[in-house]
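Chemist: test case, fold it:
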Amino acid sequence: MCLKKYLMFSILLIYTPKIVFTDNAHFYKAPQLHRSSTTCWFDRKKSYEVSDWYTKIDASYAYGSTSKCWDKNGHTAPLLNPTGNYNMLYLMENVALEPSQQNFAEFLGDAIINHSKTNDTFGQLEFDGKFRINNFNIDLRQNLVSNFYLEAHLPIRNLKLYNISYTDKSPATGIFSQQYWAWKIFKNNLNTILSNHNLKEYNTSYSETGLGDASILLGWQDIETNIDNEHIKLISFGLKSGILFPTGKAEKTDQVFSIPTGYKKHWGIPLECQLDIGPYDWLTLTLNGGAIIFFDKTLTKRMQTHSKQQGLMKLAIGETKERKGSLWHLEFDIKFDHFASGLSALVGYSYNRKDKDHLTPSDNSLFDMATVNYDLSLKAWDMNVLHFMIDYDFSLQLKNKKLAPKINVFYNYPFNGKNAFKTSMLGAGLGIDIRWKI
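Modeler: As a prediction, the model looks like this:
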């Protein structure tokens, strides 16, 4: 019997890195619950969650779409305008140009358009678009012994940006207006300018399907149910940490609007802890907190060349070391655990934030560090999310005492944020729990 368990565990260890690798928050979608998933109540016992060699496998799918974001001040804005209107008068400032590109630059220079005499909105474009995501998650928790376990997560997602357009925010009339001849020439040649700098047309749809960033963690969790307190039936505490692998796809440098499926090829160290308190057998209060600390990464990236350039459209490209801001979250939820046979319900709240990025360009002659890091798109983003979930555990109805399936439906609603898309996520999941020892 012991040899059989050892072989089963060895097989899981061998194949886990290949097939299952925790999904974390991204600015473009509401995150799923950070807390651990529901555990089947074989024989109506909660302690199976920490039983030796217990296995939990979960898969989920969620869909979301939006055409709005929260800008840097927390106000609702068009999807691709989180940092405010794009100031095109400074698009080509301090950008290395070929002789054939010089005429386009002159349309924006002080020689034709005197910047000091224009009003606040002349030369500004407001970009908009639509976003869609299909998100798949595969999760595995394999208990070891003495309350230790391995946890792995693999996200797979399809991202799409489409219907990209702009609105000219310049005045309708006046000397410097939408009708100014030099400004009209520039708008008509915007895609030509982008092409000169190896960028596709601004309204090119973006679509990417691939892995997100996978992770493997080692955790420890203890559950105490024999508590000499009439107001508390259960206390559980857990810790876990591991490695975030850069398996996601990076943003594309040949498109103005591009979204990475992961964290731009950065390695990271996830840290997380969870406290559960059960006042009743059917009620659990959970507090979950965690962070990911990223390692620096040298990459090729488009960067800002003037402090008044604003937005995601940048012409200059170069090598830079990126120090990625830490990603962290705090979550609280209330779970009505198996309140009606195998039926459970949950409502929760989470605050998610990623701190500011910092760039150190390799070419100081082209990129000024202060100017590059003045870029508002590098600033921190945050998101406040409400979580709702209903799940059903079949272990109480099935005669098979070794394994049992479970299903769930969930909705994650972001109701406030900064520099983030307003993408709510609706989804469903299927899982199976296996207890190798009865």
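
Chemist: when you work out contacts or count neighbours from here on, use the C-alpha atoms and nothing else.
Modeler: Fine.

Chemist: now the helices for this protein?
Modeler: For the chain, the helices defined by DSSP state H cover 2-19, 102-108, 181-188, 190-196, 369-372.

Chemist: so how far is the last one off the chain centroid?
Modeler: So the one you mean is helix 369-372. 26 Å (CA atoms, centre = their mean, to the nearest Å).

Chemist: I'd guessed Leu330 sits against Asn352; true?
Modeler: Yes: counting by CA atoms under 8 Å, Leu330 touches Asn352, with 6.8 Å between them.

Chemist: worst mean pLDDT among the helices of the chain?
Modeler: Here those differ in mean pLDDT, and the lowest is helix 2-19 at a mean of 37.

Chemist: circling back: Leu330 and Asn352: who's more crowded?
Modeler: The neighbour comparison of Leu330 against Asn352 (other CA atoms under 10 Å) goes to Asn352, with 25 against 17.

Chemist: next, count neighbours for the residue nearest to the more buried one when sequence neighbours are not counted.
Modeler: Spatial nearest neighbour of Asn352, chain neighbours left out: His329 (4.4 Å); criterion: CA to CA, 6 or more residues apart in numbering. By other CA under 10 Å, 21 other residues sit near His329.

Chemist: cool, and Asn408?
Modeler: With other CA under 10 Å as criterion, Asn408 counts 20.

Chemist: likewise Ile57?
Modeler: Residues within reach of Ile57, counting by other CA under 10 Å, total 19.

Chemist: quick one: residues contacting it.
Modeler: Contact analysis of Ile57 by CA atoms under 8 Å, 6 or more residues apart in numbering lists 138-141, 431-433.

Chemist: identify the bridge partners of it.
Modeler: Beta bridges link Ile57 to Leu140, Ile432 when assigned by DSSP bridges.

Chemist: report pLDDT for Gln310.
Modeler: For Gln310, the predicted pLDDT is 83.

Chemist: pLDDT wise, what is the closest residue to it other than its chain neighbours at?
Modeler: Excluding the flanking residues, the one nearest Gln310 by CA to CA, 6+ apart is Tyr86, at 5.0 Å. With respect to pLDDT, Tyr86 scores 95.

Chemist: do the same with Leu287
Modeler: At Leu287, the pLDDT value in this model is 96.

Chemist: same deal with Leu144?
Modeler: Model confidence at Leu144, expressed as pLDDT, equals 97.

Chemist: how about the nearest residue to it, chain neighbours excluded?
Modeler: Leu144's closest residue in space is Trp53 (CA to CA, 6+ apart), at 5.1 Å.

Chemist: show residues contacting stretch 424-438.
Modeler: Counting by CA under 8 Å, 6+ apart, 5, 29-30, 39-40, 48, 52-65, 401-414 sit against stretch 424-438.

Chemist: buried set for it?
Modeler: Neighbour counts over stretch 424-438 (16 or more other CA atoms under 10 Å) mark 424-436 as buried.

Chemist: show me which pair in those is furthest apart.
Modeler: Greatest spatial distance among these (CA to CA): Ser424 and Trp436, at 37.8 Å.
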